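A.B. asks: Sharing a model that was predicted from the sequence below.
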Amino acid sequence: MFGLLRHLFKLQFLFVVVAVFAGIYHVEIRQVLRQYSDLYLNTAGLEEAIPVKFQAGLFTPAELLQFDGEDGRPIYLALLGSVFDVSRGIKHYGTGCSYNFFVGRDASVSFISGEFENYDPETADDVLTLKPDDLIGLANWRDFYEKDYVYKGKLIGRFYDEQGNPTAYHHKYLELLLLAQESKKQVEELRSRYPGCNIEWSESTGTRVWCTNSSGDGKERSWAGHPRKLYSRGNKSFQCACVPEQELDEIDASGKAAIGDAMLKPYDNCAPRAQECFYRV
């Protein structure tokens, strides 16, 4: 009987030891995963694949507000719903410093507008009404913070829900950002293929546009080109572009540029092979 009790006691003790070590192991695993989660979250495409419990922290607006640098507290700010520790930039973000406006909140719009006087939590991070170039500018700001400061987690609200998942608003922002980036890339390709014209205005002749071997970007090339009106996607106004001789016939027939859905049109009252044209607005 006593032998059986001693045996049961040993088994119970063994279970306790295993449970303790299992708990420690579980805690250590969680700590390691948290330690490296910032690195994973900074890798494109992996953010949504990591379970929320292993990601960095989630903050409510009230919680984020506490990280203001006062009484030894760290300095946090949010941009596009991502929270960063900017404590080492205290000379910029500390009390009374130029960027202290951003501390403890998400004021994404102000990164573009430069408005540092009034903070409205209802509109301060509402970025969908910004211009495409502004959306790209915000993405560049976020890249800057990821590179120079410490990512701490997500702000619950417009961009992330209470489980840390991207909201429908966040997905819409990413869609608009992608469109803006594609549009910018197309514009850059168009400018490279069809450099800008030289332009001058006088009261007597109106606007004069002409092409040379270095018009547009100032870099020498082997051809001068001929002036055409360049209309980019969704834009009613035009820019003057210099088109290579070998592309003129096809472009003048179709009106389409060789890149994207841009349009190239000849100037009124200007010879098809002229290297300068005049027009009045």
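C.D. replies: Now that the structure is in, tell me what you want to look at.
A.B. asks: Tell me where the model's unsure across the protein.
C.D. replies: Counting by pLDDT under 70, the chain has low-confidence residues at 1-56, 233-234.
A.B. asks: Please save the CA atoms from stretch 135-145 in CSV.
C.D. replies: Listed next in CSV are the C-alpha coordinates belonging to stretch 135-145 (Å, rounded to 0.1, in the frame of the first residue of the first chain):
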residue,chain,number,x,y,z
LEU,A,135,-0.1,58.8,-50.9
ILE,A,136,3.3,57.9,-52.3
GLY,A,137,4.8,60.6,-50.0
LEU,A,138,3.2,59.0,-46.9
ALA,A,139,4.4,55.6,-47.9
ASN,A,140,7.9,57.1,-48.2
TRP,A,141,7.5,58.5,-44.7
ARG,A,142,6.5,55.1,-43.3
ASP,A,143,9.6,53.6,-45.0
PHE,A,144,11.7,56.2,-43.3
TYR,A,145,10.3,55.4,-39.8
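A.B. asks: So the chain: which segments form each domain?
C.D. replies: Listed domain ranges for the chain are 56-185, 194-279 (source: automatic domain parsing).
A.B. asks: Tabulate these (JSON lines), appending mean neighbour count.
C.D. replies: In this view, the C-beta of every residue, glycine as well, is placed from N, C-alpha and C. JSON lines is the format used below for the domains of the chain (neighbours: other Cβ atoms under 10 Å):
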{"stretch": "domain 56-185", "mean neighbour count": "16"}
{"stretch": "domain 194-279", "mean neighbour count": "16"}
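A.B. asks: and Leu179, that's in a helix?
C.D. replies: Yes: when DSSP: H, G, I helix; E, B strand; the rest coil is applied, Leu179 is found to be in a helix.
A.B. asks: Which residue is the nearest non-sequential neighbour of it?
C.D. replies: Counting by Cβ to Cβ, 6 or more residues apart in numbering, the nearest residue to Leu179 once its immediate chain neighbours are dropped is Pro132, at 7.0 Å.
A.B. asks: Next up, the contacts around that neighbour.
C.D. replies: Shown in contact with Pro132 (Cβ atoms under 8 Å, 6 or more residues apart in numbering): Leu176, Leu179, Ala180, Ser183, Lys184.
A.B. asks: how much space between it and Ala262?
C.D. replies: 16 Å (Cβ to Cβ, to the nearest Å).
A.B. asks: show me where the protein has helices.
C.D. replies: Along the chain, the stretches classed as helices by DSSP state H are 2-41, 61-65, 90-93, 110-113, 132-148, 168-193, 248-254.
A.B. asks: just the angle between the fifth one and helix 168-193, please?
C.D. replies: What that stands for is helix 132-148. Angle of helix 132-148 versus helix 168-193, following axes from the mean of the first three to the mean of the last three Cα atoms, to 10 degrees, is 100 degrees.
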